[in-house]
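Enquirer: return atomic coordinates for the entry below.
(chains A, B and C)
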Amino acid sequence: MLDGDPLDVAPALLGMVLVHGGRAGRIVEVEAYRGEEDPASHAFRGRTPRNATMFGRAGLLYVYFTYGMHFCANVVCGPEGRAGAVLVRALEPIAGLEAMRAARAGRRRDGRAPADRDLCRGPANLTGALGIDRSYDGWDLLARPSLRTGPSLRTGPSLRTGPSLRTGQPLRSGAVARGPRIGITKAVEAPWRFWAEGSPYVSGAAGFRSASRG
DNA sequence: CTTTGGATCGTCT
DNA sequence: GACGATCCAAAGG
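Expert: A predicted model of the protein is given here:
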């Protein structure tokens, strides 16, 4: 399932559910990063301490820190030894909304939570809402039970709960939209971003931010 | 509504 | 020493 080309895995992740800390969201927007073949990928120049998780087995969580203050979460794709990952860019919140609001509110100047539609809209916003940070880099999203050892690569084993991925209602292929990735400066033309057509929880121009409907 | 600039620091050159 | 797989708020139309 996840053990394939990120370009194939990305649309298949739409509709799956990311769970952590009593909070959960349905994946509605993703981007594929194809490792050493992809100039926009962290792994384009080969393995480094930061991107080591991208070379791990399919189903691991790759979390990186950026812009001095944000974390972004990726699902690693197989095969092991080959870098590849799918960046999760937006979720439709489905559980633990109150905890999400509190987490998001704490990081804003006015201390107020954003609208529910914006809770998990954007790659750094969704990690903030769910409470996912770099201490979960290398975590196994598929292992059961939810209590397990990890993360393995950076901080050493510890016993605690962590993020997991659950199957959800898959999207009809006709309901999947596709276009260029966001926020990159290399390979800007590759249409490797996928999202749930019409979803108000999607970031970027395809979202309904401007067309603000109730 | 759109545009612009500041925040803030790990990572790689 | 430069630059992000970003977000937010203030300023401008």
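Enquirer: the residue positioned nearest the centre of chain A sits in which helix or strand?
Expert: Central residue of chain A (CA atoms, centre = their mean): residue A:88, 2.3 Å from the mean position. Per DSSP states H and E, residue A:88 falls inside strand A:85-95.
Enquirer: how much space between residue A:75 and residue A:114?
Expert: As judged by CB to CB, to the nearest Å, residue A:75 and residue A:114 stand 25 Å apart. Every residue, glycine included, has its C-beta placed from N, CA and C.
Enquirer: just want to know which of these two has more residues nearby.
Expert: Neighbour totals were compared for residue A:75 and residue A:114, and residue A:75 leads with 27 against 16 (other CB atoms under 10 Å).
Enquirer: skipping its backbone neighbours, what lies nearest that one in space?
Expert: Using CB to CB, 6 or more residues apart in numbering and skipping residues adjacent in sequence, the residue nearest residue A:75 is residue A:86, 4.8 Å away.
Enquirer: could you do residue A:177 as well?
Expert: Using CB to CB, 6+ apart, the nearest residue to residue A:177 is residue A:197, at 4.4 Å.
Enquirer: tell me the pLDDT of the one you found.
Expert: Looking at residue A:197, its pLDDT reads 94.
Enquirer: helix, strand or coil: sort out residue A:81 for me.
Expert: Three-state assignment for residue A:81 (DSSP: H, G, I helix; E, B strand; the rest coil): coil.
Enquirer: could you give the number of residues near residue A:168?
Expert: By other CB under 10 Å, neighbour count at residue A:168 equals 16.
Enquirer: could you double-check that it lies in contact with residue A:19?
Expert: No - between residue A:168 and residue A:19 there is no contact under CB atoms under 8 Å: 10.4 Å.
Enquirer: that older thread, quick one, what contacts the residue nearest to residue A:75?
Expert: A:6, A:9-10, A:13, A:30-33, A:74-75, A:77 (CB atoms under 8 Å, 6 or more residues apart in numbering).
Enquirer: what do you get if the cut-off is 6 Å, keeping everything else the same?
Expert: A:6, A:9-10, A:13, A:30, A:32, A:75 (CB atoms under 6 Å, 6 or more residues apart in numbering).
Enquirer: tell me what it is bridged to.
Expert: residue A:32, residue A:75 (DSSP bridges).
Enquirer: how close does it sit to DNA strand B?
Expert: 19 Å (CB to the nearest atom of the strand, to the nearest Å).
Enquirer: could you do residue A:48 as well?
Expert: 3 Å.
Enquirer: what kind of secondary structure is that residue in?
Expert: Per three-state DSSP, residue A:48 ends up coil.
Enquirer: next, count neighbours for it.
Expert: Neighbours around residue A:48, by other CB under 10 Å: 10.
Enquirer: could I get the pLDDT score of it?
Expert: 97.
Enquirer: same deal with residue A:194?
Expert: With respect to pLDDT, residue A:194 scores 97.
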